[in-house]
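1. what's the 3D shape of this:
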Amino acid sequence: MAGDVVKGKEKSVACGACHGADGNSQSPSFPKLAGQHQDYMVRALMDYKSGARKNAIMQGQVAALSKEDMADIAAYFASQSGLSDKR
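-> Here you go, the predicted structure:
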């Protein structure tokens, strides 16, 4: 499922508290999401929701997200400059 970057930006506001508004976390405690592969992020979010991936904070954050929400959020963070940039 392809995500919508614009909708993803709107839906990612809560994510910004830990991961940074654009996905470039300033804390080593929280992973940088900017530039990460979209399909990887969708899979990670789905795994948190199902319990296959364990993290109490993330499980709470994704509990109410639909697959479309996850795809939109992942599309937004994947579109940001970050991990995939070769600088």
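2. quick one, helices of this protein?
-> Applying DSSP state H to the chain gives helices spanning 5-11, 16-19, 38-50, 56-62, 67-78.
3. export those to CSV and append columns for distance to residue 31, mean pLDDT and mean neighbour count.
-> Placement of C-beta: from N, CA and C, glycine included. Listed next are these as CSV, based on distance: least, Cβ to Cβ, whole Å; pLDDT from 0 to 100; neighbours: other Cβ atoms under 10 Å:
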stretch, distance to residue 31, mean pLDDT, mean neighbour count
helix 5-11, 17, 98, 17
helix 16-19, 7, 96, 15
helix 38-50, 9, 98, 17
helix 56-62, 10, 96, 14
helix 67-78, 10, 98, 23
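4. using a markdown table, please lay out the ones you listed together with distance to residue 25.
-> A markdown table is the format used below for those (distance: least, Cβ to Cβ, whole Å):
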| stretch | distance to residue 25 |
| --- | --- |
| helix 5-11 | 17 |
| helix 16-19 | 5 |
| helix 38-50 | 14 |
| helix 56-62 | 14 |
| helix 67-78 | 11 |
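5. of all the ones you listed, which lies closest to residue 30?
-> Of all the helices of the chain, helix 16-19 sits nearest to residue 30, with 4.4 Å by Cβ to Cβ.
6. need the residues that contact the closest one.
-> The contact list for helix 16-19, computed with Cβ atoms under 8 Å, 6 or more residues apart in numbering, reads 22, 25, 27, 29-33, 57, 77.
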